[in-house]
Each structure stands twice: as structure tokens, then as C-alpha cells.
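Chemist: I would like to see how this sequence folds:
(one chain, ligands or ions: 2)
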Amino acid sequence: MKLYNSLSRSIETFEPINPECVTLYTCGPTVYNFAHIGNLRTYIHEDILEKSLTALGFPVKRVMNITDVGHLESDADDGEDKMLKGALRENKTVWQIAEQYTEAFFEDCKRLNIQKPGIVAKATDQIEDYIAFIQTLETKGFTYFVNGNVYFDISKFPEYTKLSKMNLDDLKIAHREGVEQDTFKKNPQDFVLWFTKSKFDNQAMKWDSPWGIGYPGWHIECSVIALKFLGEQIDIHCGGVDHILVHHTNEIAQTESYTGKSWVNYWWHAEFLQDNTGKMSKSKGEFLTVSLLASKGYNPLAYRYYVLNSHYRKQLAFSYDNLDMAVTAYDKLKKRCLAYKQSDLSPLTEVASGYQNKFLGALADDLNTANAITVLYDVLKSTDATASDKLQLILSFDRVLSLDLLKDAAVVIDADLTEQVEKLIAQRTEAKSGKDFAKADALREAIKSLGVTIKDTPQGTTWSHE
Ligand code: AMP
Ligand code: ZN
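Modeler: Ligands and ions are numbered 1, 2, ... in the order given. A predicted model of the protein is given here:
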């Protein structure tokens, strides 16, 4: 598999630390408001990354944090507290806001067929771990304490700009944009590990610590959660491109200072969804959500289709005209797929294996989802592939694309499935007793492609849905 690595600024062959368990960390949402469809574009592509790795034979252990504390308006720790802003806006406690928008986030993910990561960790559940982590950094001499806050001193980490590839003067400008500066910092890029001197008297989320009652900085949560659940070195770390300059740069500085080792092998970044004013952003007030699209009659999966037709490293301009075109194309595609839903199944032909390889090849090519979708259209058009091939390929491709291409027929398929699977199992049993093992293996594959797992027991073959 080839993936673009933001650290080397080049496409690299993916070589996991342990191919049996690829470690994947994803920066999660800051839960002070709904996710907008730009945020969700990034999560859709991350979902494709996880599912592509799995389809290519790399089982994935994935972790995502939920930022429910510590994220100030500027990523460089200045400005208002985002959670508090949400609480004031809705006259609720920060805890209520966190719960409400975490739930809303996963609800949106569900509507977009974004799989929930295996491990989801709330920032507020790891306080003891942050404290221990900061104490180690303190002992190693990477921190200083001033005006009630513990800061990371970036001058102690010479590789600070290795991800951004910017010089510190340029970074200074990037940090300054529109936000009031913290004059207590030794270097403008230093960042807070633990706040006690919050300028928000009504800060509700606070905990006791060796430095006084306070709360953790935002960057620290991702480092600590990744270390805790995935170990000291990980394969892939994901996020939007906006995180390169500050958040991920700070994560690297503190984690590598803590472990003394290089941390992430592949930095993966998704580009922005743009609206007519530029980057879609929550701070602009009005922003597009999945619920808003749904209330206008748009199927969230048509938005997923729209997103998958562009590459994750390219900006995508959102317009209703483009979305309307995606809806038409998606509906037509689905109709064409559904035409095969009742096809009789037989083992995949060689032609079908060719398409399967092409599809996986497109994903292995730095997640070229648009080309993967083109392979699906090629399958539908094909005069060589049988109806059974087509049905199995649609099912198999849709495990990655997750566009519910056969969903309208769910009930019919379920009813059919039992009959089809049992027919295939009977054929396989017959092939096995005739010692035609190649045929038996092909039939096993055909059954697997229906999303069914079979088990050979002394009493015969049993099966279940995956
Ligand atoms: P947040 O909830 O603001 O921390 O952002 C969640 C994720 O969405 C992060 O990975 C961001 O980098 C990403 N993101 C923010 N704005 C956009 C956008 N306009 N388009 C795509 N991704 C975005
Ligand atoms: Zn993060």
C-alpha cells in the first residue's frame, strides 16, 4: 500500500511495525457544538483509511479521543475555552454540552456509515495519566512553571519544526493570527501542558494536581491517549491539515521528549472542505451539518458519495449544485446495483478477481477512492462478469465504500441470504467429499464475500453473519 506521509512530504510504501495489528490514532472532535460536514469529510476519509487497511489484509487497532476539555479558541492555547463557550451559548453545564455533542457526533457518523473506532477515549477520563506524563517531562527538564501554568519549552526540542518544515519566525506569524498573546511564554510557540491560572473564573472542569487545581492543555490529551492505548511508537496518526502547524507539531515535541524515541511513522492529513468564504469552520457561526442536509431532504450517504469522488489530499468546494449532481449519480448507481440483488450465486470467476484486484489497487494507491468507484462502474458495465460476480463484487466493495449500495433490499437479501448461503455450503460439502479442494476453496470465498463466516464442525458446516 502507498500512502502520502506529511512528515517526508512524499508517497511511501506502507510498512507497519506489526502487520498483524496496525496502530492508528485519530484526533477526535471537540464536542462543544455539532460537527460540520467539513469535519465529517475528514472522518469519512479516515474511515476509508481504516477499512482499506483491513481490506488489504492489515488488521487495525484504532483509537480516537473526544476533546471535552482544554481546547481554547486558538490551537496555540489562547482565546476562549471552547467548551465553556458552548455551555454559555446553551445555558447548560460543560458536562451536559460534552455529552450532548459526543452523542450527536456518533449519530452523524452512523448516518454517514463511519465506523466507530475500536477505542474511543474521553479526554476527561485520563487526568491521572496527564499528570504523570507532565511530571516525567518536568523531571527531564522540558517544562517551566510561570504564572500558574506548566509550559512545554520548545527550545529544548530541536526537531520542533520537523513536521511543519517552517522556520520558527514563520510559525510565530501562524500562531499570532487574530489572537491575544500569552506574554508569559519564553518562546511564542511554547504551549501549556497544565493550566491553573485560567482567566475563566467559572471554569467548571478542574482537577487537583501537583501544580494546583486546574485542567490539562489540549495537545497533551492526544499524546497521552495514544501512548496509553497504542504504545510508544505507532504506525499512522490522522487529522486535518489545520493540525500540522500547531497541534501535531506540539504532540510530536512532547511525546518524543517523553519517550526519547521517534513516535509516528506516517502522518496522514486530510484537506479542507471549503465553502464560499473559504475553509468551513465552526467559528463562522452558520455552518452545514448532516442534520441540516437531512432536513433539506438529502440522504447523508449521497454526501458520503460526493466526498469519496474527490481525493482526501485535495480541497473540495462544497456547493448545493455539486451535491445535487452527486445525489443524482448516487441514486442511479444504487439502482444499477440493486438490479443484481437477487442473482444466484456461484464461485467468483477470474474476471471478477481481476476487478477485485483493481479495486484494492485503487485504494492501495494512496486511497484513490474516485478510481475505486470507477472500478465499480466498470463492473456494472462489464459484459464478462456474471451477475453472480457483480453481486459479490458490489457487496465486497461496499464493505469499504459503505454506501449501502444494496440496502434498500435489506429484507429481501436477508431472506435470500439464508437460501443462497445454504446452497453454497451444500455445493462446498459436495466438492470437499469429491476431493475437489480448489472448488471448495472458491466456494468458501464466495460465501465470505456475502459477509458470512463459516465454521466446519464435526456436525457439519455452520455459518453466521460477520
Ligand atoms: P475539531 O472538532 O474542530 O477539533 O475538528 C475535527 C476534525 O475536522 C479535525 O481533524 C480537523 O482537522 C478537521 N477539520 C476542521 N475543519 C475542516 C474542514 N473545513 N474540512 C475538513 N476537515 C476539517
Ligand atoms: Zn489530536
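Chemist: How about stretch 108-120 and ligand 1, touching?
Modeler: No. Stretch 108-120 lies out of reach of ligand 1 by Cβ under 6 Å from any ligand atom, never closer than 11.7 Å. For the C-beta atoms, the positions are set from N, CA and C on the backbone; glycine is no exception.
Chemist: just for this protein, where's the confidence low?
Modeler: Across the chain, the stretches falling below the confidence threshold (pLDDT under 70) are 70-79, 171-180, 198-202, 285, 409-416, 465-466.
Chemist: and it, which residues reach ligand 2?
Modeler: Residues of the chain lying close to ligand 2 (Cβ under 5 Å from the ion) are 27, 222.
Chemist: Could you tell me which residues of the stretch 151-300 of the chain lie near ligand 1?
Modeler: Residues of the stretch 151-300 of the chain lying near ligand 1 (Cβ under 6 Å from any ligand atom): 239-240, 242-243, 270, 272-273, 279-281.
Chemist: try 5 Å this time
Modeler: The stretch 151-300 of the chain has residues 239-240, 242, 272-273, 279-280 near ligand 1, with proximity defined as Cβ under 5 Å from any ligand atom.
Chemist: Which PyMOL command selects the buried ones in those?
Modeler: Applying 16 or more other Cβ atoms under 10 Å to those leaves a buried subset, and the PyMOL line that selects it is:
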select buried, resi 239+240+242+272+273+280
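Chemist: and the residues of the stretch 151-300 of the chain next to ligand 1 as CSV, adding secondary structure?
Modeler: Shown next, in CSV, are those (DSSP: H, G, I helix; E, B strand; the rest coil):
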residue, secondary structure
239, strand
240, strand
242, helix
272, coil
273, strand
279, strand
280, coil
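Chemist: all strands of the stretch 51-200 of the chain, in order?
Modeler: 60-66, 119-122, 143-146, 149-152, 191-195 (DSSP state E, counting those that start in this stretch).
Chemist: Which among these is found nearest to residue 43?
Modeler: strand 60-66 (9.0 Å; Cβ to Cβ).
Chemist: one step back: among the residues of the stretch 151-300 of the chain next to ligand 1, which one sits closest to ligand 2?
Modeler: For these, the residue nearest ligand 2 by Cβ to the ion is residue 239; the value is 6.0 Å.
Chemist: Would you mind measuring from the closest residue in space to the closest one that isn't next to it in sequence to ligand 1?
Modeler: Residue nearest to residue 239 in three dimensions, not counting chain neighbours: residue 27, with 4.1 Å by Cβ to Cβ, 6 or more residues apart in numbering. Relative to ligand 1, residue 27 is positioned 5 Å away (Cβ to the nearest ligand atom, to the nearest Å).
Chemist: Quick check, residue 27 in contact with residue 247.
Modeler: Yes. Using Cβ atoms under 8 Å, residue 27 is in contact with residue 247, at 7.1 Å.
Chemist: which of these two has more neighbours?
Modeler: Comparing residue 27 with residue 247 by neighbour count (other Cβ atoms under 10 Å), the higher total belongs to residue 27, at 23 against 20.
Chemist: residues contacting the closest residue to residue 21 other than its chain neighbours?
Modeler: Nearest residue to residue 21 in three dimensions, chain neighbours excluded: residue 61, at 5.2 Å (Cβ to Cβ, 6+ apart). The contact partners of residue 61, by Cβ atoms under 8 Å, 6 or more residues apart in numbering, come to 21-24, 118-119, 229-230.
Chemist: first to last residue in stretch 432-441, what's the distance?
Modeler: Stretch 432-441 has an end-to-end distance of 9 Å (criterion: Cα to Cα, to the nearest Å).
Chemist: centre of the chain versus that stretch, how much separation?
Modeler: Here the centre of stretch 432-441 is set off from its chain's centre by 41 Å, with Cα atoms, centre = their mean, to the nearest Å.
Chemist: swap in stretch 105-122?
Modeler: Distance, centroid of stretch 105-122 to centroid of chain: 9 Å (Cα atoms, centre = their mean).
Chemist: Phi, psi for the nearest residue to residue 243 once chain neighbours are set aside please.
Modeler: Residue nearest to residue 243 in three dimensions, not counting chain neighbours: residue 27, with 6.3 Å by Cβ to Cβ, 6+ apart. Backbone torsions for residue 27, taken as degrees, to the nearest 10, come to phi -60, psi 130.
Chemist: Over to residue 4?
Modeler: According to degrees, to the nearest 10, residue 4 has phi -80, psi 130.
Chemist: Run a quick neighbour tally on it.
Modeler: For residue 4, the count of nearby residues is 18 (other Cβ under 10 Å).
Chemist: Quick check, it in contact with residue 13.
Modeler: No. The criterion here is Cβ under 8 Å, and residue 4 misses it with residue 13 at 11.6 Å.
Chemist: Next up, the contacts around the closest residue to ligand 1 within the stretch 101-250 of the chain.
Modeler: Going by Cβ to the nearest ligand atom, ligand 1 is nearest to residue 240 of the stretch 101-250 of the chain, at 2.0 Å. Residues near residue 240 by Cβ under 8 Å, 6+ apart: 27, 39, 42, 269-272.
Chemist: swap the cut-off to 10 Å and go again
Modeler: 27, 38-39, 41-43, 45-46, 247-248, 269-273, 279 (Cβ atoms under 10 Å, 6 or more residues apart in numbering).
Chemist: Look up how far residue 28 lies from it.
Modeler: 12 Å (Cβ to Cβ, to the nearest Å).
Chemist: and what of residue 89?
Modeler: 21 Å.
Chemist: Kindly report the same for residue 61.
Modeler: The gap separating residue 61 from residue 28 is 16 Å, by Cβ to Cβ.
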